[in-house]
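Undergrad: For reference, the sequence and a predicted model appear below.
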Amino acid sequence: MAAYNLPLLPGLSPNTQLGKSRHHKPQGLVFQNEQRTVLLEAPGIGGTQRTGSASSTPKSSSYPAAADGSSVPAWLAFDRQVLRFEAYFQEAVVERRDESNRVRAVKILFYLEDDTVQVIEPAVQNSGLPQGTLLRRHRVPKPAPNDDQFYTVDDFNVGKDITIYGRLYTLFACDPFTRTFLTKLGVRVPEDSSAPADAFTETRRTLKESMQAFKPFEKHDTLKQFLENDRKVLRFYCVWDDTESPFGDRRYMVLLYFLADDTISLHEILPPNSGRDSGSAFLRRQKLPKDTSALVKHPGQTTPRTVLNVFGPSLSGRHILDNLRTGALNDSFYTDADLSIGAVMEVYGRRVLLCDCDQFTKEFYGLKYNVTDFTPIDVKDESGQAVSTELPPYNGFGSEEDSLQSCLSLLPQPPRPTPGQHLGEQTGLERAVLRFLAKLDSGASQDAERRFIVTYYLVDDTISVFEQRQSNSGMAGGKFQERKKVRTADGARYLSGHDVYVGGVVALGGHRFEILDADEFAFNFMYENKFPESDPAAIAARLKKTQPDKLASAVAAVKIASKDGVLASGRFIAELQRSLGPLLNEQNTKALLRAFAGQGAPVSQDLDLLVSQVQSVLAKKNYSNFTSLNRAFLHYDKGRNGALSKEQIKQVCLEYNLPVDDSLLTALIERMPTNPAGGIDYQAFSKCLHYTTSPALKQSASFTSSAADNLSTTVRSVVYGSAHGNSTAVDVSQFTAVFDL
């Protein structure tokens, strides 16, 4: 040991390892409060204290073990358990003459689960100090020289002083839980005391008491009335007759009575061209007095209540309210009890007559005042004559609706679009149009070959005309008429979809157009929506009313021509045209085929008619893949004999998507000539399909002139039914059920 007292000079430094017998590495992983903890303050090799390490180890709060010897971690045993202490600290106040320090009360919370401390100062009204959490929750170290240790539960008790970060807190009280807990730990807890008086707090309290009113105060509570009647308004229709004044007239108004606060507002109803400003507020919302003399009284001249001085000024006075209201002079205002139909109100010198009210007002007076008579007073001014506005004729510039806006307002607004009359409840057809093929009905030879596309827009019932361009025709083609609504020839109404149909004539822009054809969507839409020219029931009703004799002969001819109740479509149309003639247009025939064809078995037709039907369908579909079709026929012809079976020909047509109905294609294949082996010459079959190199009317000599004349109507009607998946047979029984007289 003497060697350790040598001075620390070069060559005299002792060897600290001499004489040591313990050279083990200390354990730094320990359990504290049943938790694995790294002991940072563990000694060095052999238990020697390391240079710079703390001289003493900070410890946590220790608690007695349970009676049964079980050990529970502190964070689980004392979860959400807090010791609450009342404390105060003194804060120095400088540069003030009336006080030198200020006492501030706080609450100190000690959390038992982890030995953390939190300091909270309760908020005081108008204190002018930042209050609330003064110290957030965390483990607080003790002051120096013990700053390597933390406060534990043993450091807190009533009457103790605790220094936290240089501020001295004095604990003077605690809650019952804290007192009971410390007592169970064996700590004697002194009785609670109080914090010293604060001069500043006393001054603030005295100032606040001096601001209280000494005189009696009566509170008028209107909250209940507001909550019960908020947004409930009585509405009366009234009139102010000002005709006695120079240039005066009758002023019609609406009176609103607000039940929430018994206020009234008046709004004037201004007729068109009244010459007055557009502001409708005649009287702003306010309580309306019955007597306007109260408006000239001086302030304080009248009071709602009387205050009585009981003892007089000699005994410092005592004031009470006069509950009998002996000296009260209250101005009366209009209430809901004063309002009724026929009552006259004085609105600042103007006599306003109440003439009528709305339904809510009638129900209110019926429930509250048991009023049942609400007969309105008729105050209409009959002296004025209604002025009729004569609209000028349409000048042809722009649309008629757009030009009309200039006559209705000084600042024209764009016309509102009107929905189409044929859409109804249907959706998804906003861009749908009906397209028709037409020609000019002018009688001029140069217009005979001109063709036009007439487009009818379902969304707004407008019509546009486009001329098809033709080479060497001498006509430029292109847009012929702008899209717009078009009136009928007599100008009584606008053209609708019912006026445009195949076979009809329509006047557009001073020209007469004859409708020749329509696209498939147009035919479908007109049939499904029962247009007059596409509805079999409407056609039958028209013929029964105008030509019953001809209709009877047509029905009889169809019955005679039918076999087993079935008739070919071409024969069916021919019999109708023979009997009815011009009474049936092409639109009617298409509608009849759509309605009655397809119920019987397919009817065999001659080869020439079938070829014409197929070529018409292919031309309409613009089919041109004949080269690939011929290559496929040659590929299937393994023997190179120039013939294929019926099944092979049909399979090739289906593989190359030949746009022909299956029934029509089957009928054509069945009517094609075959060789002794049952094969069909596929080159001849391909030639029958080619509508450009081998048209049906030119390749067959069996077609007579009458057959060629009727082909445009008969074959096209049959093809129309075939293109939609229908058979070419007509059910005569269904036809007679509708058309028979």
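TA: Sure thing, it's come through.

Undergrad: Am I right that residue 354 sits in a helix?
TA: No - under DSSP: H, G, I helix; E, B strand; the rest coil, residue 354 falls outside any helix and is assigned strand.

Undergrad: Beyond the least confident helix or strand in the chain by mean pLDDT, next helix or strand please.
TA: When each helix and strand of the chain is scored by mean pLDDT, DSSP states H and E, helix 705-723 comes last, with a mean of 38. Per DSSP states H and E, the first helix or strand lying C-terminal to helix 705-723 is strand 729-731.

Undergrad: So which other helices or strands are in contact with that next one?
TA: strand 566-568, helix 569-580, helix 586-596 (3 or more Cβ pairs under 8 Å, 6 or more residues apart in numbering; DSSP states H and E). C-betas here are computed from N, CA, C, even on glycine.

Undergrad: The last one vs helix 569-580, what angle?
TA: Think helix 586-596. Angular relation of helix 586-596 and helix 569-580 on a 0 to 180 degree scale: 130 degrees, by axes from the mean of the first three to the mean of the last three Cα atoms, to 10 degrees.

Undergrad: got the CA positions of helix 586-596 in PDB?
TA: Only the C-alpha atoms of helix 586-596 are listed here, as PDB (Å, rounded to 0.1, in the frame of the first residue of the first chain):
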ATOM      1  CA  GLU A 586     -91.600   0.600 -99.300                       C
ATOM      2  CA  GLN A 587     -91.400   1.400 -95.600                       C
ATOM      3  CA  ASN A 588     -94.700  -0.300 -95.000                       C
ATOM      4  CA  THR A 589     -93.600  -3.500 -96.900                       C
ATOM      5  CA  LYS A 590     -90.400  -3.700 -94.800                       C
ATOM      6  CA  ALA A 591     -92.300  -3.400 -91.600                       C
ATOM      7  CA  LEU A 592     -94.800  -6.100 -92.700                       C
ATOM      8  CA  LEU A 593     -92.000  -8.500 -93.600                       C
ATOM      9  CA  ARG A 594     -90.300  -7.800 -90.200                       C
ATOM     10  CA  ALA A 595     -93.500  -8.500 -88.300                       C
ATOM     11  CA  PHE A 596     -94.800 -11.500 -90.100                       C
END
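
Undergrad: Mind listing what's buried along the helix or strand that it is followed by?
TA: Of the helices and strands lying after helix 586-596 in sequence (DSSP H and E), the nearest is helix 607-621. Using 16 or more other Cβ atoms under 10 Å as the burial criterion, the residues of helix 607-621 that qualify are 607-618, 620.

Undergrad: Next secondary structure after helix 607-621?
TA: Downstream of helix 607-621, the first helix or strand assigned by DSSP H and E is helix 626-636.

Undergrad: which outside residues touch that following helix?
TA: Identification of contacts with helix 626-636 by Cβ atoms under 8 Å, 6 or more residues apart in numbering yields 644, 648-649, 652-653, 655-656, 658, 682-683, 685-686, 689-690.

Undergrad: if we go to 7 Å?
TA: Outside helix 626-636, the residues within contact range by Cβ atoms under 7 Å, 6 or more residues apart in numbering are 644, 648, 652, 655, 656, 682, 686, 689, 690.

Undergrad: hmm, which two among those are most spread apart?
TA: 648 and 690 (19.4 Å; Cβ to Cβ).

Undergrad: Now do the SS call for residue 466.
TA: strand.

Undergrad: low-confidence ranges in the stretch 451-600 of the chain?
TA: Scanning the stretch 451-600 of the chain for pLDDT under 70 picks out the ranges 598-600.

Undergrad: all helices of it, in order?
TA: For the stretch 451-600 of the chain, the helices defined by DSSP state H, counting those that start in this stretch cover 520-528, 536-546, 548-561, 569-580, 586-596.

Undergrad: got a markdown table for the ones you listed, with distance to residue 376 too?
TA: Converted to a markdown table, those look like this (distance: least, Cβ to Cβ, whole Å):
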| stretch | distance to residue 376 |
| --- | --- |
| helix 520-528 | 51 |
| helix 536-546 | 49 |
| helix 548-561 | 58 |
| helix 569-580 | 63 |
| helix 586-596 | 56 |
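
Undergrad: nearest to residue 169, of those helices?
TA: Here helix 520-528 is closest among the helices of the stretch 451-600 of the chain (Cβ to Cβ), at 91.1 Å.

Undergrad: That closest one: which residues count as buried?
TA: 522, 523, 525, 526, 527.

Undergrad: same for that helix, what does it pack against?
TA: Helix 520-528 is packed against strand 433-440, helix 586-596, with contacts defined by 3 or more Cβ pairs under 7 Å, 6 or more residues apart in numbering; DSSP states H and E.
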